[in-house]
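need the 3D shape of this:
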Amino acid sequence: MLRKFFAVKPLLAFLAFLALALSWCLGTPLLSAADEPEQSIKAAAVVRGEFSGADHIWNFANWQSTYTTPDYLEVAYRLPRSLVVALAEHNPACYAFRSDTTPACTDHANKHRVAEAVATGTALTHMNYSPLYYALVGWPTLFLPGDSALYGMRIVSALITAALLAIAFVTAARRGRAAAVGVVAAVTPAAIYFGAVVNPSGLEITSALLAWVSLISLTHADPDDAAALRRDRILFTFSAATLVLVRPLGPAWLAIIVAAVFAVGPNARETLRRIVRGRGARRMGAVLAVAVVATASWDATQNTMGIVPHANPTYTIAKGMHITLSQTPEFFSQMVGLIGWNDVHIPDATETLWYGIFVALLLAGSVLGDRRERLVLLGMAALVVFFPVLFEGATGGSYGVGWQGRYTLPLAVGVPLLAAEVLGRRMQSTSLLDVPRTLTTTVGGTLAVAYLCEVWWAWRRYAEGLGSASTFVPWHAHWSPVITWPLMLGLAVIGCAGLLALLISPSTYPNEPGRLDGLVPRLPSQAPEESFIRNTGPSR
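Below you'll find the predicted structure:
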């Protein structure tokens, strides 16, 4: 009975990830995520065919003495009155960056903003990324009013996030327990959070994760399994095209993904020859080429971030690199769970447990892998650290130094995925079958605890604030979400429990050697490569 229940694992994975996403989507204040007000305005404008706006307003920064964002150009869009009022009512200015203040302050702090919104009938944003994400999430504003429209966009974003993550999990699970563990380790609380609010970073992160997973699966698929090849090729084409089209760095992330996956896999030249063979490969290439040309054209002709390039005479590349490198520890916190306007600081337990698992996977993959695999893994880890430093050093003179941890996540999720892939290949010996089973239980349980610590911290921050009067368990909340705190916490628990159950259940891994009572033969693609385990015992 239990085995039949877990046979519907794609749906269960989707529901588990959806529960996690909805806990953020419906359990945190509207517009409380970084840049969410402006992203919401842009989404509502795009689905109405508004791209030029009604007015343009300059905002000036003290660019001569700082290295933050320089001048930028905001566009005023005419939107339905109820939506403009809702955007003004939930403006987070009174509590953003003030962790001791709850969102209850908006009731009185935004009265003047509401009056101004009613008078002008417009809302301002300087965001101008590719319209793909905005078109996907903005359509609820066409028929829902006010707060309902804002929640509608969040829910659509959460549904997309849950679907992409579920597909990635199921695809990885076909390769075994270690690969599934890699996906769960890569999906940090911040990754799900930004996929559950109105922000294109969420779609960028989840599409990148699916591109990593599907390409790893594609490069290791059985050459005689045409259905698996076609499935993985479609998934990679879809996810890679989405990644390229969402944000400006998409093409760079895709190039790194392809290079790293082929570098860590065996027989890269033969694998590439097999993948690019046939009509399906030509279609894949054509779709990706169109996506790259489209995003390059948009970025070349549009001011995607609304920033007006302005050379700072006091800026040097060395200064920009030094500033970014000094902020790197904060980037690592942001990649795991720094939510809100980067003002809900991650609890120590979450960061310690998550990076403990991350480092353990990286070390295990490096120790058990061969020299080439070790170099790729360590090179990817170094790239996570130094890509922002090099990028900001090169562009900070005109665009400012404003990197955030979530910008690195499309690249960073590849490290646990590649480490788990190497680990899984090295463990595919029947004498080590108990190791991956213990691995899923230990890692899954640890990450569930870390995730729930982050949810608890967000509960404290938004319910009471994190000031001196904050309590360990904020029963007397000054602010409560639309679904109440118990339901928000319950969704997070249900999601974590569901994923942990899927990780542990043998039925999640259809190709695992020996998972049934009767031993099954090893597939050709599962034969262990030459490694330290080749003489550990006879095959069964």
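
rest of the way, CA atoms for contacts and neighbours
Will do.

for the protein, just list every one of the strands.
Here the chain has its strands, by DSSP state E, at 55-59, 72-78, 122-125.

which one of these has the lowest average pLDDT?
With a mean of 61, strand 55-59 has the lowest mean pLDDT of these.

what's across from the closest residue to residue 79 other than its chain neighbours in the sheet?
Spatially, and ignoring its direct neighbours in sequence, residue 79 is nearest to residue 122 (6.0 Å; C-alpha to C-alpha, 6 or more residues apart in numbering). Under DSSP bridges, the beta-bridge partners of residue 122 are residue 78.

next up, the contacts around residue 122.
Shown in contact with residue 122 (C-alpha atoms under 8 Å, 6 or more residues apart in numbering): 76-79, 84.

so where is the protein shaky, pLDDT-wise?
1-8, 52-72, 268, 278-279, 305-311, 428-436, 468-469, 512-540 (pLDDT under 70).

swap the cut-off to 50 and go again
1-7, 430, 515-540 (pLDDT under 50).

give me the contacts around stretch 211-221.
Residues from elsewhere that reach stretch 211-221, judged by C-alpha under 8 Å, 6+ apart: 168, 171-172, 175, 228-229, 232-233, 235-237, 239-240, 257-258, 261-262, 265, 271-272, 275, 414, 417, 525.

just stretch 25-36 next, same as before
With contact meaning C-alpha under 8 Å, 6+ apart, stretch 25-36 is reached by 37, 87, 90-92, 96, 103, 150-151, 154-155, 158, 193-194, 196-199, 339-342, 462, 481-485, 488.

how about residue 312: what's its closest non-neighbour residue?
Nearest residue to residue 312 in three dimensions, chain neighbours excluded: residue 397, at 5.7 Å (C-alpha to C-alpha, 6+ apart).

buried subset of the contacts of stretch 211-221?
By neighbour count, with 16 or more other C-alpha atoms under 10 Å, these hold 168, 171-172, 175, 229, 232-233, 235-237, 239-240, 257, 261-262, 265, 271, 275, 414, 417 as buried.

can you point out the buried residues in stretch 138-152?
138-141, 144-152.

compute the first-to-last residue distance for it.
8 Å (C-alpha to C-alpha, to the nearest Å).

next one: that stretch to chain centre, how far?
Taking the mean of its C-alpha atoms, stretch 138-152 sits 24 Å from the chain's own mean (C-alpha atoms, centre = their mean, to the nearest Å).

check what contacts it and list those residues.
25-26, 30, 40, 43-44, 46-48, 82-87, 153.

repeat that for 7 Å
Residues outside stretch 138-152 that contact it (C-alpha atoms under 7 Å, 6 or more residues apart in numbering): 43-44, 47, 82-83, 86, 153.

try stretch 235-254
Taking C-alpha under 7 Å, 6+ apart as the rule, stretch 235-254 contacts 129-130, 132-133, 200, 204, 207-208, 210-211, 214-215, 284, 288, 291-292, 295, 299, 410-411.

next one: stretch 338-358
Stretch 338-358 is contacted by residues 32-34, 96-97, 99, 185, 190, 333, 336-337, 416, 443, 446-447, 450-451, 453-454, 457-458, 461 when judged by C-alpha under 7 Å, 6+ apart.

and it, how far apart are its ends?
17 Å.
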